[in-house]
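Trainee: build me a model from this:
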Amino acid sequence: MDQIKTFILSAFLTFTFFAGCNPDNDDSRDDNEDPELVAGYDQNASDGNANSNAEDPNSSQNDGNTTGSNQGNATVDSGSQENTGPSSGAKENGVACTCDDECAGTEVNPGFCLQGICAQVSSDPECAAGSTESCPAGSRCWSQICYPDCDAVECAGGCDEDGSCVPTEEMRNACDHTCSIACPTPEPTCESDSDCEAGLVCGTSARCIMDVGTVPAGPIPTCDNIPSWECEGNETYCGELLPFEPDLGPGYWDYPLNGERDDDQYRSYARRDMIMLIKHVSAKVDCLASGWAGNGGEIGLGDMSEENGDIPGTRDGRPGHPEGTHVDGHDMDIGYFQVGTPDNKLRSVCPHCTDESGYCADGSWRDNDTYHCLGEAEFLDVWRTALWLGIAHVTPQLRVIGVDGRVGEPVVAAIEELCANGWLNNSACQYPYIAFETENDGAGWYYFHHHHFHISLSGRSGAGFSAIPEFYWIPPMSMIENAVPTDAHEDPRSAWVR
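Mentor: A predicted model of the protein is given here:
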């Protein structure tokens, strides 16, 4: 898939008229794992061997671009638009358009305005990348959209590397959300804090955001000798499961946890391209943020997969994550950067228990642990965490990053400020793939992310990195019968909290 298609997909992902799916919901694969928790921070888990492993409970596989109900991403709110879906007009595929009702289509392949050019919807929500079976003649399918072929139409936009007619940047910027379902609803701008609701401030980008303080001062360091994130090879090579080695490197620490030992880190196997990405992002943050306040140092790495691709814990008969998550090295649990703690291991950054301490200091996990933040993430280093999550958007294989709701809101605001001040300059500045829920809406991110975030990558579709992975919609666990226990204590991830 060409980069332009990936960008377009990130803007609206899954239309509401595709198989009735909800574009505002979900995480991919899911993870679980739960770090070392204790009063304030886990003074008793500093040796790195504490059982920590509860994590993102309902998450199931999902494309990672459609995220939780309060993810901070630009998602399509079709309910607020005048149109109810694509309709059939007179303009053929590839012709310039403004609104959905201008574009020709059929009941099988409805027409709509794809951010400036007419296109049609695939009849198969799970079409293979570049396939023709579910699209009208002269077009091919990518991620549920039938893109016109440049050699088959008079294209009013531009032609991408796949030979598809795609909207230009100017067209995308002029996208009219009032009559086109493919256009995200723009957020209102502000000139001063007085233009914003209580608790929000006018950010550098002239949008109302959560008050996360002042962005770290420059100058921005020049970072040389950062390991590459790009894997040169096909799916067999880049998807090979490997042990995460070495355990300690620039900006990261894969320490033993959840029953591991230094000589037996059996839960620490990941895809080659995942390992390359984590090393790249960690080293870059270590360089860029070297002068920032906070703990600094290495970010703690948690559960990945077992050597054969199984869910961590399967070897011992205790899979630590819901079925279908943390398999084949696609997923990883990673601690938040922190302040006021000994290091950045996986541990709660917020009160999550109903006892007086807020951290189950008396060991009353079964009775008092809620498995999610109950208050402000007081131990979160929001700037380093936001920088890490933002840099991770460098790969088009990123499906989703899931965080706790009390972490998501400040992190998304911090990403926006980092972008506005030049620390970040990638797709995270337009559409961060960050999923979270501030209330339990069933998307899968509400529980088990108070002590770590979950990152998930898709696979590759063909040889060479030019073969960008196909993104596809997979229902969240909340939509899969019996996938998510009704009692959080019964979730496999809760067993690792002690």
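
Trainee: tell me where this structure has helices.
Mentor: Listed from the start of the chain, the chain has helices (DSSP state H) covering 3-12, 169-173, 235-238, 272-288, 365-368, 382-391, 405-420.

Trainee: and the fourth one, what other elements does it pack with?
Mentor: Translated: helix 272-288. Helix 272-288 is packed against helix 235-238, strand 248-249, strand 252-253, strand 331-334, helix 382-391, strand 453-457, with contacts defined by 3 or more Cβ pairs under 8 Å, 6 or more residues apart in numbering; DSSP states H and E. Yep, even glycine has a C-beta here, placed from its N, CA and C like the rest.

Trainee: need the residues that contact the third one.
Mentor: Among residues not part of strand 252-253, those counted as contacts by Cβ atoms under 8 Å, 6 or more residues apart in numbering are Asp247, Ile278, Lys279, Ser282, Ala283, Glu298, Ile299, Gly300, Leu301, Asp343, Asn344, Lys345.

Trainee: one more time with 6 Å, if that's ok
Mentor: By Cβ atoms under 6 Å, 6 or more residues apart in numbering, the list of residues contacting strand 252-253 from outside reads Ser282, Glu298, Ile299, Gly300, Leu301.

Trainee: any idea how far the residue nearest to the spatial centre of the chain is from Asp193?
Mentor: Nearest to the mean C-alpha position of the chain, counting by Cα atoms, centre = their mean, stands Val400 at 2.1 Å. Applying Cβ to Cβ, to the nearest Å, the value for Val400 to Asp193 is 32 Å.

Trainee: kindly compare burial across the helices of the chain and name the winner.
Mentor: helix 382-391 (a mean of 27; mean count of other Cβ atoms under 10 Å).

Trainee: residue most distant from the centroid, the chain?
Mentor: For the chain, the C-alpha farthest from the mean C-alpha position belongs to Ala90; by Cα atoms, centre = their mean, that distance is 37.9 Å.

Trainee: which residue is the nearest non-sequential neighbour of that one?
Mentor: Counting by Cβ to Cβ, 6 or more residues apart in numbering, Ala90 lies nearest to Ala104, which is 6.1 Å off, once chain neighbours are set aside.

Trainee: ok, Pro216 next?
Mentor: Trp292 (4.9 Å).

Trainee: with Leu114 instead?
Mentor: When the adjacent residues along the chain are set aside, Leu114 lies closest to Ala182, with 5.4 Å between them (Cβ to Cβ, 6+ apart).

Trainee: quick one: that neighbour and Gly116 touch, right?
Mentor: No. Under the criterion of Cβ atoms under 6 Å, Ala182 makes no contact with Gly116, lying 9.2 Å away.

Trainee: coming back round to it: the residue nearest to Pro216 touches Gly218, doesn't it?
Mentor: No. Contact status for Trp292 versus Gly218: not in contact, 11.1 Å apart, counting by Cβ under 6 Å.

Trainee: these two - which one has more neighbours?
Mentor: Of the pair Trp292 and Gly218, Trp292 is the one with more neighbours under other Cβ atoms under 10 Å, namely 15 against 10.

Trainee: pLDDT value on that one, please?
Mentor: Trp292 carries a pLDDT score of 94 in this model.

Trainee: before we move on, back to that, ok, now how distant is the residue nearest to Ala90 from Val95?
Mentor: Noted for Ala104: a distance of 9 Å to Val95, by Cβ to Cβ.

Trainee: more crowded one of the two?
Mentor: Looking at Ala104 and Val95 with other Cβ under 10 Å, you find the greater number of neighbours at Val95, namely 21 against 18.

Trainee: next up, the contacts around the more buried one.
Mentor: Per Cβ under 6 Å, 6+ apart, neighbours of Val95: Cys118, Ala156.

Trainee: any idea how far it is from Ala289?
Mentor: From Val95 over to Ala289 the distance is 48 Å, taken as Cβ to Cβ.

Trainee: can you tell me how far the residue nearest to Pro216 is from Cys179?
Mentor: 44 Å.

Trainee: again with Gly239
Mentor: Counting by Cβ to Cβ, the gap from Gly239 to Cys179 is 42 Å.

Trainee: show me which of these two is the more surrounded one.
Mentor: Per other Cβ under 10 Å, whichever of Gly239 and Cys179 has more neighbours is Gly239, with 19 against 16.

Trainee: ok, and the closest non-adjacent residue to that one?
Mentor: Arg271 (5.1 Å).

Trainee: for the one you found, grab the count of nearby residues.
Mentor: The number of residues packed around Arg271, counting by other Cβ under 10 Å, is 27.

Trainee: how about Pro342?
Mentor: Other residues within reach of Pro342, judged by other Cβ under 10 Å, total 14.
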